[in-house]
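>>> based on what follows, work out the 3D shape:
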Amino acid sequence: MRSILIIAGKEVQEGLRNRWVVAATVLLATLALTLTFLGSAPTGNVGVEPLDIVIVSLSSLTIFLVPLIALLISHDALVGEVERGTMLLLLSYPLARWQILLGKFVGHVAILAFATATGYGIAAASLPLTGTPVNWASLAAFLGMIGSSVVLGGVFVAIGYLLSALAANRGTAAGVAIGVWLFFVLLFDMALLGLLVADQGRTITAPVLDAVLLLNPADAYRLLNLAGSGSVSMLAGMAGLAGDSALRPSVLLAALGVWILLPLGLAWLAFSRREL
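Model prediction:
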């Protein structure tokens, strides 16, 4: 365990040196503050909790931004070390390959967790400056959104590690990482929407749709945050989907957990068999 924490600390230090921590935190905080102040403006007229608007806005932002940041910081975690020759140096110490992999993963998730919690936390803390009260139920949903955003980041860090373990060089890993991001964030839902329109409910029933949605971690995150709370789902326009879906928050969280463990396990298998 101590070896894993040492490697994790090394990754955090490198993230600070390469400005990843600062850049990610500033980016998330800036966009979150913008959405917070813009989103809270109409709440007095429509009678919607201001924090619910922030949750909807930030959840949509997270689906696009957090996976991209996660893949950018993780796609070369292994292949980059191999190309620079530092992986052989690491392995010259009494370290197993799984310890290196897990330590790097913990470090990168820690970077994402700090950036997400700080950036989004600043946005929530600034909400009273708009002069609107904060509902405790909405605050709980907001904290849950931050936690699930970190989990979503962990999913794509694990996917990035799988790509890094399989890629021959950093350029290939970067190109495939962008393709993976486009697939899960944009293309998957576009293809699914086209199928739903063409099928007209004949084959793709509600249980089938639930199963398909679990194949995309971004959709599991979207359902967890935008369809989990009644007020948030109404605001996000997903109340109908929330009522028809049999996917409870525990199932969605379990699916995200599987999305972390499976790519990370495959990354370990590929990394353990890789010739250095």
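>>> tell me where the model's unsure across the stretch 151-276 of the chain.
Within the stretch 151-276 of the chain, the segments meeting pLDDT under 70 span 201, 227-246.
>>> revised request: answer the last question for the stretch 1-150 of the chain.
Applying pLDDT under 70 to the stretch 1-150 of the chain flags residues 38-51, 130-134.
>>> any idea how far the closest residue to I111 other than its chain neighbours is from L213?
Leaving aside its sequence neighbours, I111 sits nearest to G15 (C-beta to C-beta, 6 or more residues apart in numbering; 4.6 Å). Yep, even glycine has a C-beta here, placed from its N, CA and C like the rest. Computed as C-beta to C-beta, to the nearest Å, the G15 to L213 distance reads 32 Å.
>>> before we move on, what about P249?
14 Å.
>>> and those two? Which one has more around it.
Neighbour tally, P249 and L213, criterion other C-beta atoms under 10 Å: the higher count belongs to L213, 21 against 15.
>>> who are the neighbours in contact with that one?
Residues in contact with L213 (C-beta atoms under 8 Å, 6 or more residues apart in numbering) are D219, A220, L223, S245, L247.
>>> equivalent analysis for T116, please.
T116 sits next to L28, T62, V66, I146, S149, V150, G153 when contact means C-beta under 8 Å, 6+ apart.
>>> same question, V79
Neighbouring residues of V79 by C-beta under 8 Å, 6+ apart: S164, A165, A167, A168, N169, R170, A173.
>>> same question, L195
Neighbouring residues of L195 by C-beta under 8 Å, 6+ apart: I204.
>>> and it, how far from V212?
Applying C-beta to C-beta to L195 and V212 gives a distance of 9 Å.
>>> find residues that contact each of the two.
I204.
>>> start and end of stretch 69-79, how far apart?
For stretch 69-79, the separation between the terminal residues is 18 Å (C-alpha to C-alpha, to the nearest Å).
>>> what does stretch 163-178 give?
11 Å.
>>> any idea how far that stretch is from the chain center?
From the chain centre to the centre of stretch 163-178 is a distance of 19 Å (C-alpha atoms, centre = their mean, to the nearest Å).
>>> could you check that stretch and say which residues are buried?
Using 16 or more other C-beta atoms under 10 Å as the test for burial, stretch 163-178 gives L163, S164, A165, L166, A167, R170, A173, A174, V176, A177.
>>> the second one sits in which helix or strand?
So that's S164. According to DSSP states H and E, S164 maps onto helix 136-166.
>>> helices or strands next to that helix in the packing?
helix 50-74, helix 79-84, helix 97-126, helix 170-182, helix 217-226, helix 230-236, helix 249-272 (3 or more C-beta pairs under 8 Å, 6 or more residues apart in numbering; DSSP states H and E).
>>> redo the ones you listed as a markdown table? Include distance to L33.
Conversion of the helices and strands packed on helix 136-166 to a markdown table gives the following (distance: least, C-beta to C-beta, whole Å):
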| stretch | distance to L33 |
| --- | --- |
| helix 50-74 | 10 |
| helix 79-84 | 33 |
| helix 97-126 | 5 |
| helix 170-182 | 24 |
| helix 217-226 | 19 |
| helix 230-236 | 20 |
| helix 249-272 | 27 |
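>>> of the ones you listed, which stretch is the most buried?
Ranked by mean neighbour count under mean count of other C-beta atoms under 10 Å, the helices and strands packed on helix 136-166 are led by helix 217-226, which reaches a mean of 25.
>>> of all the helices and strands packed on helix 136-166, which lies closest to E11?
Distance to E11, taken as C-beta to C-beta, is lowest for helix 97-126 among those, at 2.7 Å.
>>> what's the angle from that closest one to helix 249-272?
Angle of helix 97-126 versus helix 249-272, following axes from the mean of the first three to the mean of the last three C-alpha atoms, to 10 degrees, is 140 degrees.
>>> roughly how far is helix 97-126 from the heart of the chain?
Centroid separation between helix 97-126 and its chain, computed with C-alpha atoms, centre = their mean, is 10 Å.
>>> just want the angle from it to helix 50-74.
Orientation of helix 97-126 against helix 50-74 (the same axes, to 10 degrees) gives an angle of 150 degrees.
>>> okay, angle between helix 97-126 and helix 136-166 too, please.
Calculated by the same axes, to 10 degrees, helix 97-126 forms an angle of 150 degrees with helix 136-166.
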